[in-house]
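[1] got a predicted model here, sequence first, then my questions.
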Amino acid sequence: MSTFTYSYAYTRSQALVDQVEVLFSEAGIPPDSTVKVCHGVQEKWLAAVGLYLLKNGQRVYEIEAVINWSAHSENPTLDFSTDLPGWEGKASPEAAILGARFAAKAGSEGLTPRYWVRFISAIRNDPARHQRLCPEVGVSFGSSVPGWAKSPTEVKLSLQDLSEVGMAERSAL
């Protein structure tokens, strides 16, 4: 009997894109939307992405991933290997668990998974460019996420092996 392990070696930038893809796919975001958001991360247009659920028009649950591009570009390790504890293929344990948890909450509450993006400040400060790039990541220019139903509880964590990504889980359920 043989045991095989698989390791993917690639750039840290691609590892970031993969975590967003895993998070959004596990959460139940449609593939065409996931591809658009991942394109925005790959192009380094996005400072943060989020998944959220609405109940009666108000936000009740959210997962946020914030990307610190400065820390990312300063990291001396450009190559990245997923042969790490807890990783399944190209999925970090944090992205897979939070995505699955989001899908479970959406399912148990009977709510539709939704997402938002926040562009980097250079794009937000250039309204014409901001407006032009919104459709490329699947969002509408000038749209906003509805407010919270009540003050949420928040748990923050970072991806152990990709410290330039900060995650937050917020709940008002």
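    Sure thing, it's come through.

[2] what residue ranges in the chain score low on pLDDT?
    Applying pLDDT under 70 to the chain picks out residues 1-10, 71-89, 160.

[3] can you map out the helices along it?
    With DSSP state H as the criterion, the chain has helices at 12-27, 31-42, 69-74, 93-109, 121-124, 127-133.

[4] among those, which is nearest residue 157?
    helix 93-109 (6.3 Å; CB to CB). From N, CA and C alone the C-beta is placed, and that goes for glycine too.

[5] tell me what the closest one is packed against?
    Under the contact definition 3 or more CB pairs under 8 Å, 6 or more residues apart in numbering; DSSP states H and E, helix 93-109 sits against helix 12-27, strand 46-55, strand 58-67, strand 153-159, strand 162-171.

[6] circling back to that earlier point, would CSV of the helices of the chain with distance to residue 141 be doable?
    Formatted as CSV, the helices of the chain follow (distance: least, CB to CB, whole Å):
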stretch, distance to residue 141
helix 12-27, 21
helix 31-42, 14
helix 69-74, 22
helix 93-109, 26
helix 121-124, 11
helix 127-133, 4
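
[7] and residue 164, which of the ones you listed is closest to it?
    With respect to residue 164, and counting by CB to CB, the nearest of the helices of the chain is helix 69-74 at 4.1 Å.

[8] returning to what we had before: would you tell me which of the helices of the chain gets closest to residue 153?
    helix 93-109 (13.3 Å).

[9] buried stuff in the closest one?
    Across helix 93-109, burial judged by 16 or more other CB atoms under 10 Å covers 94, 95, 96, 97, 98, 99, 102, 103, 105, 106.

[10] tell me which of the helices of the chain sits most buried.
    Highest mean neighbour count of these: helix 12-27, a mean of 22 (counted as mean count of other CB atoms under 10 Å).

[11] now the angle between strand 46-55 and it, please.
    Angle of helix 12-27 versus strand 46-55, following axes from the mean of the first three to the mean of the last three CA atoms, to 10 degrees, is 10 degrees.

[12] packing partners of helix 12-27?
    Applying 3+ CB pairs under 8 Å, 6+ apart, we find helix 12-27 packed against helix 31-42, strand 46-55, strand 58-67, helix 69-74, strand 79-81, helix 93-109, strand 162-171.

[13] give me the residues contacting it.
    Here helix 12-27 makes contact (CB atoms under 8 Å, 6 or more residues apart in numbering) with 31, 33-34, 37-38, 41-42, 44, 49, 51, 63, 65, 67, 72, 75, 77-80, 82, 90-92, 94-96, 98-100, 102-103, 106, 113, 115, 159, 162, 164-165.

[14] kindly recompute the last result at 7 Å.
    With CB atoms under 7 Å, 6 or more residues apart in numbering as the test, helix 12-27 has contacts from 34, 37-38, 41-42, 49, 51, 63, 65, 67, 72, 75, 77-78, 80, 90-92, 95-96, 98-100, 102-103, 113, 115, 159, 162, 165.
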